[in-house]
Each structure stands twice: as structure tokens, then as C-alpha cells.
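Undergrad: Kindly generate the corresponding structure for this input.
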Amino acid sequence: MLAVSCLCLTPLAAALAQTAPSARQASQSAQAVALNPLTVTATLAPRTANQTLSSISVIDQEDLHRKNPASLTDILRGQPGVDVSSNGDFGKVSSVYIRGAGSSSTLMLIDGIRLRSATVGSPTWQYLDPNLFERAEILRGPKGSLYGADAVGGVVQLFLPEGEGEPTPRISVGGGSFNTQRYSAGLSGANGGTRYHFAASRLDTDGTEIKKGDDDKGYDNTSGVVRLSHRFDNDAEIGLLGLRARGSTEYVGGRTDYVQQVAGIYGELPIVESVTSRLTLSEARDESDEFADFGDATFDTRTRTARLDNTLSLGPYELIVGAEYSEDEVDSTTAYEEDSRDNKAVFAQGLLDFDPLTMQAGLRYDDNQAFGSEVTGSLGLGYALNEHHTLRASYGTAFRAPTFNELYFPGFGNPDLDPERSKTAELGIRGQFARAFWDLALYQTDIDDQIATTLQGGRFAPFNVNRARIRGVELTTGAEVKHWELQAALTYMDPEDRDSGNRLPLRASRSIRLDADRELGDWSLGGSFIAQNHRYNGLDNDERLSGFGIVDLRAGWRFAPLWTARLTVENVLDKEYATARASEFEGGWDYLNPGRAAYLSVQFGE
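TA: Take a look at the predicted model:
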């Protein structure tokens, strides 16, 4: 796999060298912005990708429109440092691993609002329509110093469109394989200091068989978003945002009715010329009603948060100081021993530019009602070797909070659990040109006090017993070459359980992703290739799931002003593959992903 990957990357690396001289004449081009986008997840402040001193990838709105994915995990799979395991497609349980850390150690934010299940601990990635978002930022590496619990492997942040310009409607109708139907509509724009965006979408599918020989398992999703903001003459701003997704998904032995919801209001006020304060009040809900052969159950969790960020800007220096209060609540048919907990935190971050040396330092203190206090910190150093190349080194700590299930589930939970704690060191170098970039990162993460369910003292329960060491290398590159937009990501990772020496379950150790797209007048053509090696279903490494390679193709046709037709063909080679397996108790069968599938859509609007 590595040999093939290197061969695939060689032409792109050559293209980087060829495009470097012309970069000086095209530094303001739109493609330069796409290859070095502005991000906020790594630093809480706008920075270009090469200024963040972090490993970060951005999936912009153009990418989302071209690929027209049905699921967020379709976009995340194969991104640098990212692995996805799912119990089938179309709304089935999915886990996202960044740099080998557990799915509960990957933080998901929607415009700064955390969304996850407090009982399970991980986000429910499978219920979000990616086409409702303007972009996604994938930050790899610990950010506990900014976001607190669970930002061990990294952070995925999704952004809703804000609206700009004249009122712009957008309507899309489509469908395809497995009797899939998709509809969406939206309106966005700006008037004076007011910006607005409204959108709604509907997906309904019969689904596919996820267990060989069983019935197809359907899925439906109805989603809506709203975002409003107004900026006053003194640069003060107020705004609100909301997202709600609800629907139903079938699985072997039952059905889940779900709701995912975030809502927030914020106010931003310039205190003096160099000081700005921003207050955000938010609520996130993860709700599910389970109707299973073994019984029905309800698990509703809610997180309410108040966060204050104060930013002091003094030329090339920036200081951010803030505080956060959050409260988790559980409402369930299961009688948890505790059904709420709160968390108080203070944090600070300094961004210092001494050209050619830059420094970023952060510190955060969390006090949690359930498991006590935690201190996390980070330090990053960058050095500009020349106008195109930046060397960076960083060190950061993070922790994963025990879930309500691990702490309080009746007859199972262990209220004496400590958080999982991690330390990560990273060394990287980035080459940034006007029409090309490349980024190489090496890292090691050590995780102590990992929570594992085991028999101890005559009790089968979660305990802090495991340790892990995750080493990895990531190479990411992209270029514009003769009207082709090319992206490539190569990941090599060794996620090792330190006690057994085995690979952590459900993680591939090698992966490659290649994307190529080209505009041909009113036509666009593109494709993606994703390949991963084998993984193991359990920590014993005795149940092996084979590796796979899949090819997706896409085409677009602008057949009239503001009208576009798009065709996507997924898994063109009809590869049968699985990234998860049912337990031995359930029968030990593989969760199948869909074979070849085609979808056609027609869209009006930009």
C-alpha cells in the first residue's frame, strides 16, 4: 500500500515543484485562497492554514456541492488522519477516529456549539446532512486547552452559511439507487448590516441490507437551519442560529427515532479599539427512542452552555481570555444513578508573532462535578524558513471525560472513574505556494487511564486500566495543474494498546485518498479514490476485517443560467467491504456497506 501510495503522489509532488515559480504572480488568485483557507478552529481567531501551526484540513462549500454526499461520514472518510467505522450506510451508527483516538475523543462543533450524546459520549455523525453546511474544518491534534473535554484526537467543526449579497434562493431535487429521494431549499442574503440564511432538506431511502441475506434497512431525515445576524455601526453584532434534524433509521433487530438539535444566541461588543468581548448562550440536544426486539428505551441528553471570550489585539500579538459554564442533563427510561452534572472552566491563549518566529500557548482549567478538576495546556512554535516553508513543533495535553453510561448506568457504571489523559508531541513542515501546498506531520500520542470494560474485583464494569501509544505520519498535498484541482492525503498510523501490544480496534493503519476535479466550460468532471488496509474488530486482534479500495465518480452540467445537473456514481467497482462486525453474541456477521450506486440531482441557484 505504501509503495502504491508513494507512486500515486509522485506526479503531484512534481507538479508542486513546477508550479512554485508561477506562484509569485498569482498570490491573490481564488485558488490560492482555496489552497490556504482561513480557519478559526485551531486558534479561535481567523488564521490561514499555514499560520495555525496545526495540522488542519478544510472542506469548503464548493467541495460539498461537487461531491453531493448523503452523509457527513462520506466526506470525512480518508481525510488525512481520519478513519471512519460504520454499521452500514444511511443513518447507521458511525464512529470517527482522528489520529487513532476513540470516537468519544473526537469533538464535534457546529459554529462553536458542542453536539454529542452525553450517555454514549460520542457525536452522532450519521444524522447530519452535510449539504446544509458552508464548510467543515478538521483539526488534527489535541485542543483541550481551548475546548476542554474530549478534544484528544482532534476537532471537527461545521459552519452554517451566514448569507451575503442579494437574496439568493437555492432549490435542489434528486434521487437514485435504493429508491433514494433528496430535496432541499434555501434562501440567503444580506441587507444593510443584517445577514440571513434559511434552509431545509429531506432525505428518504429504502436503504440497503447491512446483514447479508437480511432485509434492506431504511432511513429518513428532515432537517432545517436558520442563521440571522446584525452588525451595528459601532461594529457590535448580535445573532442567532439553529439546526434541527429528525427522522428514523432501521437496524437489525429494531428502529431508532432520533432528534439532533443545536440553538444559540450570541452578542459581540468592541469594548475599546483593541478589545472585543463575545458572549454565547447555547443548547444542544441528542434524543433517541429505541424500538428493539429486546425492549424499548428512551435516551435524551441536553447540554446548556454559556461561554465568554475576550480578545485583546495589539498588532502581531493577540490574547484570548475566557470562561465557560456547561450543564449536561439526561432524561431516560433507564434510571441513572445521577442524571446531571456541571462543568466550570477558565482558559487563556496567546498568539505571538515575532517574525520569522511565531508562538502559540494555551492553558485551561476545568472543574467537573462528576470527576473533579483537570488542567490542560498547549505550546506551539513555528519558524518561517523562507516565504514558502514553515517548520512547526507543538506539545499539548487533553482528556476524555467519562460518559454517563460509564459512570452511572444502573448495575454497570463506575462513579470512581477518572478521565482518560493524553500527551501529544508533533513536528511538521508546510510548503505553501499560490497554486500548490504540501504538509508533512509526524506525531506521537500517549494515553493513560484508558477506560475499558473488564472483570475486576468480582465486578464487570468500566475501569481505568488501559494505556495506548499512537504514532503516525501524515502527508497532505494539493495543487492546481492545467485546470485540474488535485488533492492527496496519505496516512500511516500505529495505534497500539500498550498492555497487549495489539492494534486498537476498528482503526486502519494505512490509508490514501486522492481527489481530482476539473472545470470544462459548462461541464465539470471529478473522481475520488479511497483505500485503507485491514483493521481488527476487537482488541484481541483475532477478528480481521479486510482492507478495501473504492472509486467514486462525479459530473456536473450547467445547462442554463443558475441551473445545474449533477451525477455521482459511488463505489464504481461495486466493492463489497465492511468496517465493523457484530459481536459474537449477535452472530459475528459483517456490517455491509452499499455496493455501486448512482444519484442524479438538479439544482437551481448558486
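Undergrad: residue ranges for the helices of this protein, please.
TA: Along the chain, the segments classed as helices by DSSP state H run 2-23, 30-35, 61-67, 72-76, 144-147, 404-408.
Undergrad: CA atoms only for the fourth one - export them in PDB, please.
TA: Coordinates of the C-alpha atoms in helix 72-76 are reproduced here as PDB (Å, rounded to 0.1, in the frame of the first residue of the first chain):
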ATOM      1  CA  LEU A  72     -21.100  13.600   6.700                       C
ATOM      2  CA  THR A  73     -19.000  10.400   7.100                       C
ATOM      3  CA  ASP A  74     -18.800  10.100   3.300                       C
ATOM      4  CA  ILE A  75     -16.800  13.400   3.300                       C
ATOM      5  CA  LEU A  76     -14.700  12.600   6.400                       C
END
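Undergrad: That one: which residues count as buried?
TA: Leu72, Thr73, Asp74, Ile75, Leu76 (16 or more other C-beta atoms under 10 Å). Just so you know, the C-beta spots here come from the backbone N, C-alpha and C atoms, and that holds for glycine as well.
Undergrad: which residues does the residue nearest to Arg255 when sequence neighbours are not counted contact?
TA: Using C-beta to C-beta, 6 or more residues apart in numbering and skipping residues adjacent in sequence, the residue nearest Arg255 is Phe291, 4.8 Å away. Taking C-beta atoms under 8 Å, 6 or more residues apart in numbering, we find Phe291 in contact with Gly254, Arg255, Thr256, Asp257.
Undergrad: Now those in JSON lines, please, with extra columns for pLDDT, neighbour count and distance to Gly242.
TA: As requested, the contacts of Phe291 are exported to JSON lines (pLDDT from 0 to 100; neighbours: other C-beta atoms under 10 Å; distance: C-beta to C-beta, whole Å):
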{"residue": "Gly254", "pLDDT": "94", "neighbour count": "14", "distance to Gly242": "30"}
{"residue": "Arg255", "pLDDT": "96", "neighbour count": "15", "distance to Gly242": "26"}
{"residue": "Thr256", "pLDDT": "97", "neighbour count": "21", "distance to Gly242": "23"}
{"residue": "Asp257", "pLDDT": "98", "neighbour count": "14", "distance to Gly242": "20"}
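Undergrad: Gly186 bridge partners, please.
TA: In this entry, Gly186 is beta-bridged to Arg170, Ala199, by DSSP bridges.
Undergrad: Quick one: residues contacting it.
TA: Contacts of Gly186 by C-beta under 8 Å, 6+ apart are Pro161, Pro169, Arg170, Ile171, His197, Phe198, Ala199, Ala200, Gly605.
Undergrad: which one in those residues is the model shakiest on?
TA: Ranked by pLDDT, the contacts of Gly186 bottom out at Gly605, which has 90.
Undergrad: pretty sure Leu109 is touching Leu160, no?
TA: No - applying C-beta atoms under 8 Å as the test, Leu109 and Leu160 come out as separate, 11.6 Å apart.
Undergrad: Tell me where the stretch 101-250 of the chain has strands.
TA: Under the criterion DSSP state E, counting those that start in this stretch, the stretch 101-250 of the chain contains strands at 106-110, 113-114, 135-140, 154-159, 168-176, 180-191, 194-209, 216-231, 237-251.
Undergrad: related to what we said a few turns ago, generate CSV for the contacts of Phe291, with distance to Arg304 as supplementary columns.
TA: Formatted as CSV, the contacts of Phe291 follow (distance: C-beta to C-beta, whole Å):
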residue, distance to Arg304
Gly254, 30
Arg255, 29
Thr256, 24
Asp257, 23
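Undergrad: Out of the residues you listed, which is nearest to Leu553?
TA: Nearest to Leu553 out of the contacts of Phe291 is Thr256 (C-beta to C-beta; 32.1 Å).
Undergrad: So that closest one is in contact with Asn221, correct?
TA: No - using C-beta under 8 Å, Thr256 makes no contact with Asn221, being 12.0 Å away.
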